[in-house]
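1. using only what follows, build the 3D model:
(3 chains)
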Amino acid sequence: MDTTLLPKMLYGGDYNPEQWDPSVWPEDMRMLELAGMNVATVNVFSWAMIQPAEDTYDFSTLDRIMDMLADNGLHACLATGTGAHPAWMARRHPDVLRTDFEGRKRKFGGRHNSCPNSPSYRMYAERLADKLADRYKDHPALLLWHISNEYGGDCYCDNCAAAFRVWLQRKYGTLEKLNEQWNTRFWSHTFYDWDEIVPPNALSEQWAETRTNFQGISLDYARFNSDGMLDCYKLERDAVRRHTPDVPVTTNLMGTYKPLDYFKWAKEMDIVSWDNYPGMDTPVSFTSMTHDLMRGLKGGRPFLLMEQTPSQQNWQAYNTLKRPGVMRLWSYQAVAHGSDSVMFFQLRRSVGACEKYHGALIEHAGHEHTRVFRECAELGRELDRFGAKLLGTRLPSRIAILYDWENRWAIELSSGPSVDLKYVNEIQRYYDALYELGHQVDLISFEDELAGYDIVLAPVMYMVKPGMADRLERFVANGGAFLTTFFSGIVNENDLVALGGYPGELRKLLGIWAEEIDALFPGRTNAIVMKEAHGALEGAYSCSLLCDLIHAEGADVLAEYGEDFYRGMPVLTRNRFGEGEAWYVASAPDAAFLQGLLGEMCRAKGIRPLPGKAPGVEVTRRERDGKSYLFVLNHNEHEATVRLDGLSGTDLITGRAVSGDVRLAGRDVLIVEHFA
Amino acid sequence: MDTTLLPKMLYGGDYNPEQWDPSVWPEDMRMLELAGMNVATVNVFSWAMIQPAEDTYDFSTLDRIMDMLADNGLHACLATGTGAHPAWMARRHPDVLRTDFEGRKRKFGGRHNSCPNSPSYRMYAERLADKLADRYKDHPALLLWHISNEYGGDCYCDNCAAAFRVWLQRKYGTLEKLNEQWNTRFWSHTFYDWDEIVPPNALSEQWAETRTNFQGISLDYARFNSDGMLDCYKLERDAVRRHTPDVPVTTNLMGTYKPLDYFKWAKEMDIVSWDNYPGMDTPVSFTSMTHDLMRGLKGGRPFLLMEQTPSQQNWQAYNTLKRPGVMRLWSYQAVAHGSDSVMFFQLRRSVGACEKYHGALIEHAGHEHTRVFRECAELGRELDRFGAKLLGTRLPSRIAILYDWENRWAIELSSGPSVDLKYVNEIQRYYDALYELGHQVDLISFEDELAGYDIVLAPVMYMVKPGMADRLERFVANGGAFLTTFFSGIVNENDLVALGGYPGELRKLLGIWAEEIDALFPGRTNAIVMKEAHGALEGAYSCSLLCDLIHAEGADVLAEYGEDFYRGMPVLTRNRFGEGEAWYVASAPDAAFLQGLLGEMCRAKGIRPLPGKAPGVEVTRRERDGKSYLFVLNHNEHEATVRLDGLSGTDLITGRAVSGDVRLAGRDVLIVEHFA
Amino acid sequence: MDTTLLPKMLYGGDYNPEQWDPSVWPEDMRMLELAGMNVATVNVFSWAMIQPAEDTYDFSTLDRIMDMLADNGLHACLATGTGAHPAWMARRHPDVLRTDFEGRKRKFGGRHNSCPNSPSYRMYAERLADKLADRYKDHPALLLWHISNEYGGDCYCDNCAAAFRVWLQRKYGTLEKLNEQWNTRFWSHTFYDWDEIVPPNALSEQWAETRTNFQGISLDYARFNSDGMLDCYKLERDAVRRHTPDVPVTTNLMGTYKPLDYFKWAKEMDIVSWDNYPGMDTPVSFTSMTHDLMRGLKGGRPFLLMEQTPSQQNWQAYNTLKRPGVMRLWSYQAVAHGSDSVMFFQLRRSVGACEKYHGALIEHAGHEHTRVFRECAELGRELDRFGAKLLGTRLPSRIAILYDWENRWAIELSSGPSVDLKYVNEIQRYYDALYELGHQVDLISFEDELAGYDIVLAPVMYMVKPGMADRLERFVANGGAFLTTFFSGIVNENDLVALGGYPGELRKLLGIWAEEIDALFPGRTNAIVMKEAHGALEGAYSCSLLCDLIHAEGADVLAEYGEDFYRGMPVLTRNRFGEGEAWYVASAPDAAFLQGLLGEMCRAKGIRPLPGKAPGVEVTRRERDGKSYLFVLNHNEHEATVRLDGLSGTDLITGRAVSGDVRLAGRDVLIVEHFA
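-> Numbers count the residues shown, from 1 in each chain, chains lettered A, B, ... in the order given. You can find the predicted model right below:
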């Protein structure tokens, strides 16, 4: 399915005219046009309107909205509207209500409030999707299906318990197998009947969201919960596909959102879309990493930025305004990382309830004479001018970072060695080093093909899934450079430890044995002392968090610990394996060390940084058919001078020729079109 | 109804002889007399004693207590005793038990534990009040009715849910109106049947006490909860009034206690009384403000200080002793702000349970040879000597600060812009500036008459109720000076935003438009830069919390922001409107700025500070019939010199003539009687 | 019953072969022998294995394990296995599941999960113990019974409520008595029927684990809970005793674990054993104190160190490795304080679930070539060589510190005066001073005989139980030195205040009256100013937390407060009483003051410190039959020089003669055998 939806970059956002009197709508249309918008996401929370009672469906308002969009040249990203169930449904069919982690049956309220295993919810949600698709399948505004909204959360009700047991039977076949994989002889937990199994929550195995007595059941429940919601998604997706086999289907994801295994989800989506809500203190490179992860969900294909705020959020503790230029800069950041859209939540600010202080294209003042509107309209003009050139272009990379939701769940359910070990932080630690060096990187799953890469990084590959070790060995044997870190190779896919010595199945590849794992108190460090210079690396660096106490078993020792009783033990090793090399970083190093190490790995592979990188300046490249687009994003408030080195081309935004040293205003952007 | 209860200042406190063997009582009487006391609050927690079973009432102990009081020349502040229900009632009629914010049905325990919508509680409480009043209506000791005790808390049970729906029907008439005012099209919340509405708590719309998905329902539930308790109060009040139409009725309030709208409550009370429990680190001016708020509840009429501790509290984290002189000083502070009583919790320390380490006139040692007793007895002698002169005197003020419970609820339920915005803090910020300048101020409600004031301040008037804007315009047009701040004029009484530009209905009066609202992280500031000197204001000041980005629309710009991208935008404006001026302070300024600004506003109105103000010294004035009483309270530990300027009079405490510069010992007090 | 179990020091630990395939077992045996081990704790969590269904018992695996132990010369510490109930039992008999403090009925999960008043749990647990004992009563491996595991936690279910009422009836006889002792006239709490009483938890009287409205009921519930678990223990103990009257019985305690009154428990145990899990930041002397408390539970008899980790824990936030030498050092620390064993959790690391990252003799690597194994094996060789000499030796002391669980419960349930008052901290404050001085000390109960001591310290003796004051008076009258502190002598055993003046029943003995109690904010101090030098004490010291404002009534005032309004009031007093002295320390002093004061008290009694004390070096002495063993433990990382003064003897570890100044390597240990 071709996922270039329009011959232009999508520009628009969430639009809820049903909250307003229709007399307001013409003014909306005028302002959307003024802002250069071409798409509106509609019907996100209209279930109660469309289905006011058990057996009544009323599409009249949505008909008017869809017609209005079409009449005004706008395309519809049409949501199925199941993100919040109606109040009448909660009262008549309480099975739609969730039971929370504390075991409390919820009442009507909020959104994303339906039990994923509720028969009523599944039946009514699928039916609504079916009716919608049947009604609008030929509507000229229909561009894209948006299933439900921001799937998430969890439930622990009896319906979920029953479904979990079925899920477990399907996975394990027998209780013997389940008992073995969950190691239930521990603490007398042997199950003799499937019905003895209860969901792991605050009333059973867990004493906090990430603290469990049994990693096995908690890990499986995380999978089950992600799968159950995915089933809900698929029910709706299949319903709309029956009517519109050619209209692509998405649902809006949420970056590194932990509870859902997005690699599994993306397989069921035609196009990935996501909602980008960094805090005002989120590192810029964290947002970049998240974009790259979203791009990686479907093998590098362009994605959609489905939501971002034009300025303010409302649910942060301190809802700072986006400074002038920041909305534009971050919009281009999304595009720079592979988005084929710039979309907002929301087009008109609601008048009541909890999101009324969330930014919007049309603020409560109601007119276009605002800073925020002006910035949006200016961006609309720019995207209209040249956005189409970027559609469908790809970001080439010879470096991959492996990312895995199940691995994250397992790490963060672990009792010991340190509560400060957070998977995403460790991924970001490596990502940031490459970002600062000006290297483009892919984030890919544990299952993705490695052959196209020169360098593969797998920070904290705690869980080694079946076949993974073989695949990594093949990759390295064929000349690849592989790197992993402390606390890797420890468990199988069910969190059972690989016996015989860490890093288990990766031991041969890495040529080391990790005898012990020391946890450092916050603020405590050890030293990484280079035995001799390696590229730019020399002398001593700092490390923290965890320190594996390792022995080289064939690997070269490039650096040793400088302190404590394991001073002199290896902290950085390289194992030559076949044509390639496998690296082990036994602790969590500082940024200088990682930039030195990864810089040298890239040099060794002949991978050159993108031109234009400077402090506070981000660079990426999209390309297709021999044409390249170098994005240079100045995240500084102040002007920066960037060196394009040999590259010369045309700035898409200004139309000017650029080469050599270029001065870029604070928060400004260059998009240099050139031949690769 | 004349609320001067006795021809002397009330002096006494909570007295629970039923906790003790009657052999102890004569000693109590001896010590109360020794301390100069004339009133005892009795029967506060005697329900279980008086009604030991469903159909049994036994007044014998209370009879003895009342007779003893009368025999010893003491007056009774007679509580109805419904502040805690009996254990047997909880067991036989579980509807009296509350369901908490987490949705948990409570069991017997604590106090203030009855569901306000419990049929059993309402029936039995009213019946008890009725029987009490019938029995003691002619008792010579009876001085004042004290209904229940410190009403508070909330309940979310099914009885409350049903009552809430009736309350909503009464308010909104139709579901259409309710849906519109709650903006239920948002998140698919449309209600089609009243029974679909459930109370907003942790199981439905809220994820914390002050975090809600729907401000509309949460705000209405706050009103409903306050009203429901008020109904309970009224049931009892009406019961006692039937028997004793001439005995005044009160219930003890708790200052700025958030859940109950005391302005509404005060309308139903004959006299306001309250319990003053500052922490050892509460600013002195906060206590002053709270006294003024309590006085403001009934239009400036004297109130009663119903409870304070003679020394220690028990429920603070660190229960520091009141230093020598502090109890006396704070007692006079209450009187200085309009109290016609000084009363304590408690007269004899209980021997067991959680308040046994709370201070008392008679401590566990049981005799009068304690510091605390001596201080109380000394104060008793003083009050006896001159207290009567102060009874019924008023505190004149030409300055009012508007305070509103519903406004507070709405502000603190808001999602965004900043969790640090606390209504009472902002009120206190302005109050404190006036306090430091030596100006007396009234705290009045949004509904109170403004005509008598020269200056009206309304910090964070977020909610503009119907008719409010007109009343303010009239006040200013007639020559008044009005001031409001950032985040004002935003919503109507149901938290629906006023469209068309903030500050909504106040925009014309203020002559400005607030385009955006920036939230600052803790510790971050902007600068207020005066364009030219204004009175003592010149140069730059600091501001924080929130910064409205405003445009002058007719208003004069007196100061501009000094930093960030909105540097140069107005931060202080003054709009001439009719004969008066309307000021807007777009951020939260530092104390120096506010003292400068408010000082100049007062000077412009010819309002002079009270004499005697000095650092750490508080001044107020009560007056009647041409006689004035200037209170000068030295809150410093050390001696202070205060300047009485031209004033000369007689110090009520020492009987000495005072004038000119007076030296006042640490924690000492002057009460200068003079002719106005 | 002779509790010297073997003619050698026990060395071994928890062993769970049922978690592993029997093919692994021979390797376990080989490694245990290699490590010099002689005992294995087995069957701790095997209930589900042994009783797979209601009416089925299967001992076959345990038979094999027991036989294997015997065949390999290992002794069994045989657990009854009731520390976690099977899943089938939770499903079929939900009464075994607890209801937690929040009132939530739990589901299957975790361990130590059975309601102590569950009829099903009691019936099945006793039956299991009975069957086990019957089966293994003659087994050659059987050495010691280990009942259940780490009893703890609490339950608030209806079965507990009913049992609590019976417990109360037994204690109080009548409701009148109960109402009086709980002071239920306060807050209208009078009970007219036993069934009106509900357990005190978050739904009734408490708003946190240590915050209650009624100390009386909460204190009794703590007793009831401890007693209920003890009943469970006794049911099992009696069952095994019926079969094996000569096999000693223990259960593993947890040091200062708050919920169980271990002095009461120890009376029912043949030998005390406990699990020692200090954090990496726990003060060394805290561990020492806990060992002494465990030794004190049975009048100074040797105890067993049942569990410690060979290196890492898993449930701390940061699970630091035990540095080289630390496991050995802390093992000797246990022995130095009276342990006749060194035992570990665990012998083989489990492969799954939450303790898989907890240290073990046999780590996941599975072989003996690890640092941890080598250290264990080395220690095994040492203990094997000389451990037998230490068995049954005692630690002589002329100083006792009184410790009491009920006193702790009462103090920490108190509402006021300070949340920072923690009983164990105050005990530790005095213990640490003696520790630093090199004095050996006993921790004994409020009921223990005092006659054998010269000095008795009772920090914060808040609760004075019946007869206690008399016993202390007799002790002092006979020449003893007694010391207590602020907030002592306040309440009776039901938390009712002793009227007439603090310290109540101790007032005569101490010769002082405490009029008030001031609570200091964190970081605030007062000064202790010596009136004249007393031993090494002179000048000023610091104190904090609480300050009693006391008056001497016959006592000598040795020091006064130096600050605040009570400057000049006594802070340190000594009352000569009969032949002895009673000291009162009215605040919480700094370490220098306490070392000075206690040093002088010891000197006055002719108690000399043990030789060998140095900074960071700990000393203790065990002795029997004229032979003494001086333990010198260097807790420093670096070498220390210790002075043995006149003492000369033989180091048990090295076999070398030692005397005079001895250099001791970092973390090294001397055990000097000499004649007393």
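
2. centroid residue for chain A?
-> Centroid check for chain A by C-alpha atoms, centre = their mean gives A:G255 as the closest residue, at 2.6 Å.

3. what's the spacing between the residue of the stretch 251-400 of chain A at minimum distance from chain C and A:I411?
-> Going by C-beta to the nearest C-beta, chain C is nearest to A:K258 of the stretch 251-400 of chain A, at 19.8 Å. Placement of C-beta: from N, CA and C, glycine included. Separation of A:K258 from A:I411 (C-beta to C-beta, to the nearest Å): 11 Å.

4. neighbour count winner among these two?
-> Taking neighbours as other C-beta atoms under 10 Å in any protein chain shown, A:K258 and A:I411 compare with A:I411 leading, 23 against 17.

5. and the next helix or strand past the longest helix seen in chain A?
-> In chain A, assigned by DSSP state H, the helix with the most residues is helix A:215-243. Counting by DSSP states H and E, the element after helix A:215-243 in chain order, helix or strand, is strand A:249-250.

6. residue boundaries of the strands in the stretch 501-650 of chain A?
-> A:512-519, A:526-530, A:540-552, A:556-561, A:570-577, A:580-585, A:587-589, A:617-624, A:627-634, A:640-651 (DSSP state E, counting those that start in this stretch).

7. so what's the closest residue to chain B within chain A scoring on pLDDT?
-> Of all residues in chain A, A:G352 sits closest to chain B, at 3.0 Å by C-beta to the nearest C-beta. Residue-level confidence at A:G352 comes out at 97, pLDDT.

8. which residue sits closest to it, ignoring its sequence neighbours?
-> Nearest residue to A:G352 in three dimensions, chain neighbours excluded: B:N183, at 3.0 Å (C-beta to C-beta, 6 or more residues apart in numbering or on different chains).

9. so who does the one you found touch?
-> Counting by C-beta atoms under 8 Å, 6 or more residues apart in numbering or on different chains, B:N183 touches A:Q19, A:S350, A:V351, A:G352, A:A353, B:F214, B:G216, B:L496.

10. same question, A:A388
-> For A:A388, the contacting residues are A:P7, A:K8, A:M9, by C-beta under 8 Å, 6+ apart.

11. for it, which three-state class applies?
-> When classified by DSSP: H, G, I helix; E, B strand; the rest coil, A:A388 comes out as helix.

12. so what are the sheet partners of the helix or strand containing A:L670 and their directions?
-> Assigned by DSSP H and E, A:L670 falls within strand A:669-675. The pairing partners recorded for strand A:669-675 under DSSP bridges are strand A:627-634 (antiparallel), strand A:640-651 (antiparallel).

13. mind putting the ones you listed into TSV with distance to A:G416, mean neighbour count and mean pLDDT?
-> Below are the strands paired with strand A:669-675 laid out as TSV (distance: least, C-beta to C-beta, whole Å; neighbours: other C-beta atoms under 10 Å in any protein chain shown; pLDDT from 0 to 100):
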stretch	distance to A:G416	mean neighbour count	mean pLDDT
strand A:627-634	41	22	98
strand A:640-651	45	16	95
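
14. out of the ones you listed, which is closest to B:E673?
-> The closest of the strands paired with strand A:669-675 to B:E673 is strand A:627-634. By C-beta to C-beta, the value is 72.1 Å.

15. what angle sits between the closest one and strand A:617-624?
-> Calculated by axes from the mean of the first three to the mean of the last three C-alpha atoms, to 10 degrees, strand A:627-634 forms an angle of 160 degrees with strand A:617-624.

16. where exactly do the helices run in the stretch 251-400 of chain A?
-> Taking DSSP state H, counting those that start in this stretch as the test, the helices found in the stretch 251-400 of chain A are A:262-266, A:284-296, A:326-336, A:371-390.

17. residues contacting the shortest one, please?
-> By C-beta under 8 Å, 6+ apart, the list of residues contacting helix A:262-266 from outside reads A:226-227, A:230, A:233, A:251, A:253, A:272, A:293-294, A:297-298, A:404-405, A:445, A:447.

18. just the residues you listed now: which is nearest C:S587?
-> Taking C-beta to C-beta as the measure, C:S587 lies nearest A:W405 of the contacts of helix A:262-266, at 56.0 Å.

19. mind checking pLDDT for A:T3?
-> 62.

20. same thing with A:A676?
-> We have a pLDDT of 71 for A:A676.

21. that one: neighbouring residues, count only.
-> Neighbourhood size, A:A676 [other C-beta under 10 Å]: 10.

22. my read: it touches A:E623, true?
-> Yes - with contacts counted by C-beta atoms under 8 Å, A:A676 reaches A:E623, the gap being 5.7 Å.

23. may I have the beta-bridge partners of A:F577?
-> Counting by DSSP bridges, A:F577 is bridged to A:G580.

24. the one 10 residues further on too?
-> In this structure, A:S587 bridges to A:C547 when assessed by DSSP bridges.

25. contact partners for it?
-> Applying C-beta under 8 Å, 6+ apart, the residues near A:S587 are A:T485, A:F486, A:N526, A:I528, A:C543, A:S544, A:L545, A:L546, A:C547, A:D548, A:Y561, A:V571.
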